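1. got a structure for you, letters missing:
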């Protein structure tokens, strides 16, 4: 991933955002966080440098599925890589995330090395 690009972490748990930002920064990535889908959409408007979104799928109000669809359809962001992050790895979740518009899927607890590999593969 281009070092000038930023990873946007959308998760309703501040601890998850903190841990992911720390882990990603230690591997040379820039990262910002949002505690809700609404805040995440605002971050996308304000930060043209966002190159990848890590989207928590289970959030109150607007969940990650709906937020992913909003990004894809409302923002014409068909090229923006979105990685779905879920704590409930249930049968069919991966397919549901990909159907919503995610490019990748990873479950919690997140294997950071696997996530970094996924980011690099998605970015090409």
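-> Structure received. Owing to the predicted nature of the structure, the values given are computational and were not obtained by experimental measurement.

2. so the residue nearest the centre of the chain, which of the three states?
-> Centre of the chain computed as the mean C-alpha position; nearest residue by C-alpha atoms, centre = their mean is residue 54, 1.1 Å away. Following DSSP: H, G, I helix; E, B strand; the rest coil, the label given to residue 54 is strand.

3. hey, what's it bridged with?
-> residue 9, residue 83 (DSSP bridges).

4. The helix or strand residue 94 falls within: how far from the chain's middle?
-> Per DSSP states H and E: residue 94 is located in helix 93-100. Relative to its parent chain, helix 93-100 has a centroid offset of 14 Å by C-alpha atoms, centre = their mean, to the nearest Å.

5. Over to stretch 27-47?
-> 9 Å.

6. And stretch 20-30, by the same measure?
-> For stretch 20-30 - counting by C-alpha atoms, centre = their mean - the centre lies 14 Å from the chain centre.

7. same check, this time on stretch 40-48
-> Worked out by C-alpha atoms, centre = their mean, stretch 40-48 lies 13 Å from the chain centre.

8. Would you mind listing the buried residues in it?
-> 40, 41, 43, 44 (16 or more other C-beta atoms under 10 Å). For glycine as for every other residue, the C-beta is placed from the backbone atoms N, C-alpha and C.
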